[in-house]
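**Student:** need a 3D model of the following:
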Amino acid sequence: MGEFRADRRRLIGGGVILAGAGLAAACSSGAKGQSAVSTWEGSPEQLDSWLDRPGTRHRMVFDSISGSGGAEALGYANNFLHVDSAAYGLKPEQTAAVVIFRHMSTPYGYNDSIWAKYGKKFAEQMKLEGDDLKRAATMNPALTNSPGAEPPPKGMEWAGANSIGDLAGKGVRFAVCELATQGIAGQLAGKTGDAAAIEAELKANLVPGALIVPSGITIVNRAQEHGYAIAYIG
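**Tutor:** So this is what the prediction gives:
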């Protein structure tokens, strides 16, 4: 019995050694396999070249799809730029920021002349309220700050500079969804209007710093491929 136990211990010991050797070989093989796999990178598209901002150290996209989300995206973009400047000492050209207006926030990408013409319909669909609802009848309520708006707390005056006009002056770009614009044009045209003419009108009257992009959701993807972090606002 003693001899049997001794042989059994040798067999177990040998199995451990063999298993260890097999594991080491597998790990070695796996490491070689991993080193041979290259990291995937997106292919640059000429249509997305505007996202490239040479010299930028940080890149951020604020993605909005609703009336309230579009307004909040402007505030977050302003916070982002302020902190990069105040806390990190960065110059405006060292930070790239993009606000995406898609789905129900798309009308924010159109200027005052468009809102003076279609603003009441926009406001209803975007569920605007209060002062924004009143101003929507004659102007884009997000393009400039309301004179009657409550001022920011003392020491935070910078927080009030969060309109589209303010942010455009700081280099922020606004991506306006073409697919949504087509849909809006169709709704405004109704059964008898000229949707193509209205679409052309909308595209020709964008806010400062804005451009029409094939679709907002596509820019969510392309921006990440160009090194932008994404903040979904809603």
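
**Student:** what's near enough to touch the closest residue to L74 other than its chain neighbours?
**Tutor:** Leaving aside its sequence neighbours, L74 sits nearest to N162 (C-beta to C-beta, 6 or more residues apart in numbering; 5.0 Å). All C-beta spots, glycine's among them, are computed from the backbone N, C-alpha and C. Neighbouring residues of N162 by C-beta atoms under 8 Å, 6 or more residues apart in numbering: 74-75, 77-78, 145.

**Student:** next one: P107
**Tutor:** 101, 114-115, 118, 122, 126, 140, 184.

**Student:** would you mind measuring from it to I184?
**Tutor:** Distance of P107 to I184, computed by C-beta to C-beta, to the nearest Å: 7 Å.

**Student:** assign the residue nearest to L74 to helix, strand or coil.
**Tutor:** coil (DSSP: H, G, I helix; E, B strand; the rest coil).

**Student:** got it, and D63?
**Tutor:** Looking at D63 with three-state DSSP, the answer is strand.

**Student:** quick one: it from H82, how far?
**Tutor:** Separation of D63 from H82 (C-beta to C-beta) stands at 20 Å.

**Student:** mind listing the helices for the protein?
**Tutor:** Per DSSP state H, the chain carries helices over the ranges 2-36, 67-86, 112-126, 130-135, 164-169, 178-189, 195-203, 216-225.

**Student:** by mean pLDDT, show me the worst of those.
**Tutor:** When mean pLDDT is averaged over each of the helices of the chain, helix 2-36 scores lowest at a mean of 43.

**Student:** of D63 and H82, which one has the most company?
**Tutor:** Shown here are D63 and H82; by other C-beta atoms under 10 Å, D63 has more neighbours (24 against 16).

**Student:** thinking the more buried one is in contact with T218, fair?
**Tutor:** No. Look at D63 against T218 with C-beta atoms under 8 Å: they stay out of range, at 11.6 Å.

**Student:** still on that earlier bit, let's see if you can find the most crowded of the contacts of N162.
**Tutor:** A77 (25 neighbours).

**Student:** wait, doesn't that one sit right on V99?
**Tutor:** Yes. A77 lies in contact with V99 (C-beta under 8 Å); the separation is 5.5 Å.

**Student:** please enumerate the shared neighbours of these two.
**Tutor:** Overlap of the contact sets of A77 and V99 (by C-beta under 8 Å, 6+ apart) consists of 62, 167, 172.

**Student:** and these, which is closest to G55?
**Tutor:** V172 (16.1 Å; C-beta to C-beta).

**Student:** mind listing what the closest one touches?
**Tutor:** Contact partners of V172, counting by C-beta under 8 Å, 6+ apart, are 77, 81, 97-99, 209.

**Student:** by neighbour count, which of the residues you listed wins?
**Tutor:** Busiest of these [other C-beta under 10 Å] is V99, holding 30 neighbours.

**Student:** the closest residue to V213 other than its chain neighbours: how many residues sit nearby?
**Tutor:** Nearest non-adjacent residue to V213, counting by C-beta to C-beta, 6+ apart: A175, 4.6 Å away. Neighbours of A175 under the rule other C-beta under 10 Å: 27.

**Student:** same check, this time on the one 10 residues further on
**Tutor:** For A185, the number of neighbouring residues by other C-beta under 10 Å comes to 21.

**Student:** name the nearest residue to it, ignoring sequence neighbours.
**Tutor:** Spatial nearest neighbour of A185, chain neighbours left out: E199 (3.7 Å); criterion: C-beta to C-beta, 6+ apart.

**Student:** what sits against that neighbour?
**Tutor:** 181-182, 185.

**Student:** I'm done for today, thanks for sticking with me.
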